[in-house]
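J.: A structural model of the following input is requested.
(one chain, ligands or ions: 1)
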Amino acid sequence: MPPAKDPLPPLAGLPRAHLDWRPDDGGDDAPHSSEFDDVYFSRHDGRAETEHVFLEANRLPERFRAWWEARPFVIGETGFGTGLNMLCAWACFDAHAPDSARLHLVSTELYPLGRQDLVRALTAWPDLADRAAALLAQWPEPVRGVHRLWLDDRVILDLHFGDTTERLERLDGAVDAWFLDGFAPSKNPEMWQPELFAAMAARSRPGATFATFTCAGVVKRGLKAAGFAWRKVPGFGRKREMLAGEIATPPADQRRRSTPWFTPPAARPARRVAVIGAGLAGCTVAAALARRGVAVTLIDREGPGAGASGNALGALYVKLAAETNRQSRSYLAGLLYTRRWLEALDPDHELWSPCGVLQLATAEREARRQTRFLANHPLPASVVRQVDAAEASRLAGLALPHGGLDYPLAGWVRPAALCDHLAASDGVSAYRDEVQELAPTPDGWRLTLAGEHGDTAFEADQVVIAAATASNGFAQTTALPLQPVRGQISRLALPDGTPAPRRVVCAGGYAMPPRDGALTFGASFTPNDTDATTREADHVANLEELERTLPGYLAALVEAGADVSPGALDGRAAVRAASPDKSPYAGPVPDADAWRRDYAALAKDATRVPDLPGRHHAGLWISAAHGSRGLASAPLTAELLASRICDEPLPLEAPLVDHLHPGRRLIRDLMRGG
Ligand code: SAM
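T.: Residues are numbered from 1 along each chain as shown. Model prediction:
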């Protein structure tokens with residue numbers, strides 16, 4: 001049977017906005033949409049209009065002043081455009097909110113502006129220049145999906161690229177104040193549909209407010225039908241009236257009615273969180289939580305980057321399926337996030353290199369698969385493009401007999417150094433010890449330790465398990481299947497002046513650009529092998545794979561004086577953890593016994609879904625099974641967990657959040673009568 005079609009919209013690039021620039025009332029240059037024949041804002045009074053229509057009518061200055069919650073204040077916007085509204089909201093937040101407060105901005109956009117247009121539009125506001133620079137530095141590729149940007153240490157912007165209604169229906173998060181923007185209903189009737197207002201209502205916090213520049217009947221009717229109360233208030237400038245209002249009791253989220261097991265657990269305090277495991281998964285979660293002001297204790301029996309994340313060099317790349325599936329969607333989102341995150345974390349590229357990755361098609365079958373992939377995924381060339389052998393050779397700086405896919409945004413990372421860097425983040429206390437047992441307490445969790453650090457017990461509000469293959473070694477996690485996969489990389493000393501790849505080049509294995517005078521390549525892949533000692537046989541296999549990827553390269557190395565015999569290589573072996581479907585586990589830990597009881601009926605008839613939300617071990621989370629792709633998955637899944645723990649909107653659409661849910665296998669087995 002062919003796989004069921006993924007009902008999500010295509011994983012594709014989006015068209016750029018087409019702008020023309022017209023003089024406004026004051027004679028200044030103002031952005032105008034050629035698609036919609038409407039203005040983004042008036043350069044003459046756009047700023048004052050934003051403040052009147054969106055900030056004042058949502059009472060933001062006074063609400064920001066009173067924002068003492070641990071969770072961030074959330075603004076949702078329909079139509080990001082030039083970002084003027086959001087930058088003004090950020091400035092207003094900085095002017096009024098207490099230091100402890102955080103702001104989370106969520107905005108949709110179907111036609112993202114090109115960078116040059118964005119620069120031109122935002123130069124109109126010199127006092128917003130620093131904020132505009134933070135936005136421009138991270139302005140995402142025009143790819144459908146969620147793009148998370150940290151604008152500063154207390155302000156997050158999630159750009160949901162795609163159609164507003166479709167995006168809000170998939171938003172996992174709830175909004176305190178809406179900026180109901182978008183071109184005028186007469187110019188953009190497709191957007192102002194009943195489904196839009198219903199999606200806004202379903203993603204509102206109780207008491208959420210809204211404000212919009214328009215008074216059109218379709219908007220008033222739509223808002224009312226969705227449960228919003230509206231009133232007319234004085235409009236800005238020549239507009240006599242506009243609408244503002246609120247929704248007292250938003251409708252319950254119906255989205256997980258057919259999959260109630262994925263209903264997220266209720267938020268609970270997270271002042272102090274323990275993270276078990278200091279590989280990439282644990283270190284990224286620890287840093288993401290600490291950035292939100294959580295006190296994090298990071299515990300690992302061997303210290304940061306000891307396991308599979310301890311390699312000196314690792315490839316940041318993804319292999320995407322020819323037919324779109326949720327795993328590919330999650331990995332591409334992960335790659336784009338990791339890239340943005342690394343650029344902000346380490347702009348000097350000490351810990352990574354954006355050198356690009358070539359995925360060669362060394363056989364006809366793979367070439368056909370790549371062609372099918374591109375036909376199914378019309379992504380921007382800046383994300384992935386097909387190159388012939390000549391172009392691949394030029395990019396790699398080596399003669400290559402095959403073309404393939406080029407991922408210009410990918411590259412290499414120093415995972416061990418990255419783990420050390422993250423473990424040293426402000427707010428993270430890292431220490432060596434072994435967690436032997438977890439027990440719930442009335443307020444959180446009690447961790448029993450081996451005592452290598454002194455203490456034999458430790459208490460935390462919440463716990464994240466990120467311990468690779470050891471992750472299912474706790475009483476609460478035994479039901480989560482994890483497979484050990486041994487992997488060994490090889491390193492070969494390069495004599496001075498030897499040619500070497502400038503990009504990461506991969507086919508079956510991969511070869512990296514040289515570092516510290518050595519070529520790193522690999523990695524072997526041996527499921528169910530837990531031995532972490534290096535083996536000559538794996539070096540032999542890695543050399544064979546290198547010859548298949550870069551035919552003739554080994555001979556060239558020998559000619560240059562390199563010793564390529566397996567005995568001359570050094571390397572490192574480690575054991576990674578994989579899930580049965582090869583996607584990571586990132587989410588709350590299901591109470592497996594409760595699931596087996598609550599959902600037992602599914603074994604007889606998988607369509608009879610009990611109306612019971614999934615029960616979880618409250619305050620217990622997992623990030624594991626990142627396999628050999630942790631560089632692409634861990635930073636984004638860390639944000640996913642930190643956002644869930646801190647009661648914020650999530651950086652992935654709900655179907656992908658569910659795809660990563662640690663209980664997915666359990667429910668599948670229950671449905672199959674297991
Ligand atoms: N808020 C913006 C600002 O601060 O610059 C101005 C928004 S502009 C008036 C309207 C925006 O809505 C445009 O960027 C347009 O591309 C976007 N838009 C229109 N229809 C949309 C839809 N169905 N889904 C998402 N965005 C849409």
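J.: Near the ligand, which residues of the chain? Just list them.
T.: 17, 40-41, 79-85, 108-111, 163-164, 181-183, 188, 191 (CB under 6 Å from any ligand atom). (C-beta placed from N, C-alpha, C; glycine too.)
J.: Mark which of the residues you listed are part of helices, please.
T.: Under the assignment DSSP state H, the residues of the chain next to the ligand contribute 84, 85, 164 to helices.
J.: Closest one of those to residue 13?
T.: Within these, proximity to residue 13 (CB to CB) peaks at residue 164, which comes in at 18.0 Å.
J.: which residues touch the closest one?
T.: By CB atoms under 8 Å, 6 or more residues apart in numbering, the contact list for residue 164 reads 78, 79, 108, 110, 182, 191, 196.
J.: To what extent is the nearest residue to it once chain neighbours are set aside buried, counted in neighbours?
T.: Using CB to CB, 6 or more residues apart in numbering and skipping residues adjacent in sequence, the residue nearest residue 164 is residue 108, 4.2 Å away. Other residues within reach of residue 108, judged by other CB atoms under 10 Å, total 26.
J.: same question, residue 404
T.: 24.
J.: how near is it to residue 481?
T.: 33 Å (CB to CB, to the nearest Å).
J.: one step back: from the contacts of residue 164, list just the buried residues.
T.: Buried members of the contacts of residue 164, scored by 16 or more other CB atoms under 10 Å, are 78, 79, 108, 110, 182, 191, 196.
J.: In TSV, list the residues you listed along with pLDDT.
T.: As requested, these are exported to TSV (pLDDT from 0 to 100):
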residue	pLDDT
78	98
79	98
108	98
110	97
182	94
191	96
196	98
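J.: Which members of the residues you listed are the farthest-apart pair?
T.: 110 and 196 (12.4 Å).
J.: all helices in the stretch 151-300 of the chain, in order from the N-terminus.
T.: 164-170, 194-202, 217-226, 280-291 (DSSP state H, counting those that start in this stretch).
J.: What is the neighbour count of residue 389?
T.: 15.
J.: Thought residue 401 was touching it, still the case?
T.: Yes: if you go by CB atoms under 8 Å, residue 389 and residue 401 touch, sitting 5.9 Å apart.
J.: In contact with residue 179: list those residues for me.
T.: Taking CB under 8 Å, 6+ apart, one finds 54, 58, 75, 76, 77, 78, 85, 89, 210, 211, 212 in contact with residue 179.
J.: Find the residue closest to it in space, skipping its chain neighbours.
T.: The shortest distance from residue 179 to any non-neighbouring residue, by CB to CB, 6+ apart, is to residue 77 (4.1 Å).
J.: ok, back up a step: give me whichever of the helices of the stretch 151-300 of the chain is most buried.
T.: helix 280-291 (a mean of 30; mean count of other CB atoms under 10 Å).
J.: could you give the mean pLDDT of that helix?
T.: Mean per-residue pLDDT for helix 280-291: 98.
J.: Endpoints of stretch 444-456, how far apart?
T.: 17 Å (CA to CA, to the nearest Å).
J.: Which residues does that stretch contact?
T.: 272, 274, 276, 299, 301, 431-440, 457-463, 619-620.
J.: Now which of these would you call buried?
T.: Judged by 16+ other CB under 10 Å, buried ones among those: 272, 274, 276, 299, 301, 431, 433-435, 438, 458, 460-463, 619-620.
J.: hmm, back to that, can you flag which of the contacts of residue 164 belong to strands?
T.: 78, 108 (DSSP state E).
J.: Make CSV from the contacts of residue 164 and add distance to residue 229 to it.
T.: Output for those, formatted as CSV (distance: CB to CB, whole Å):
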residue, distance to residue 229
78, 19
79, 23
108, 23
110, 28
182, 21
191, 22
196, 17
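J.: now for the strand or helix carrying residue 359, which elements pack on it?
T.: In this assignment (DSSP states H and E), residue 359 forms part of strand 357-360. Under the contact criterion of 3 or more CB pairs under 8 Å, 6 or more residues apart in numbering; DSSP states H and E, strand 357-360 touches helix 389-396, strand 404-407, strand 504-506.
J.: wait, which of these is closest to residue 153?
T.: Where the helices and strands packed on strand 357-360 are weighed against each other on CB to CB, the nearest is strand 404-407, at 29.7 Å.
J.: Okay, now the sheet partners of the following helix or strand past the closest one, with direction.
T.: Using DSSP H and E, the helix or strand that directly follows strand 404-407 along the chain is strand 411-413. Strand pairing for strand 411-413, determined by DSSP bridges: strand 314-316 (antiparallel), strand 352-353 (antiparallel).
J.: Residue 473 - how many residues pack around it?
T.: 14.
J.: my read: it touches residue 467, true?
T.: Yes: Residue 473 is within contact range of residue 467, at 7.5 Å (criterion: CB under 8 Å).
J.: does residue 50 sit in a helix or strand, and which one?
T.: Going by DSSP H and E, residue 50 is part of helix 46-50.
J.: what do you get for residue 632?
T.: Using DSSP H and E, residue 632 falls in helix 630-645.
J.: For whichever helix or strand comes after that helix, which helices and strands make contact with it?
T.: Next helix or strand after helix 630-645 toward the C-terminus (DSSP H and E): helix 654-659. Applying 3+ CB pairs under 8 Å, 6+ apart, one finds that helix 654-659 contacts helix 326-345.
J.: Pull the residues that contact the helix or strand that the strand holding residue 359 is followed by.
T.: Next along the chain after strand 357-360, taking DSSP H and E as the criterion, comes helix 364-376. Helix 364-376 is contacted by residues 10, 320-324, 359-361, 384-386, 402-405, 507 when judged by CB under 8 Å, 6+ apart.
J.: Any quick PyMOL command for the buried ones out of those residues?
T.: A single PyMOL command selects the buried members of these (16+ other CB under 10 Å):
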select buried, resi 320+321+322+324+359+360+361+384+386+402+403+404+405+507
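J.: what's near enough to touch the closest residue to the ligand within the stretch 501-650 of the chain?
T.: In the stretch 501-650 of the chain, no residue comes nearer to the ligand than residue 649, which is 16.8 Å away by CB to the nearest ligand atom. By CB under 8 Å, 6+ apart, residue 649 lies in contact with 74, 104, 106, 158, 171, 172, 173, 174, 175, 643.
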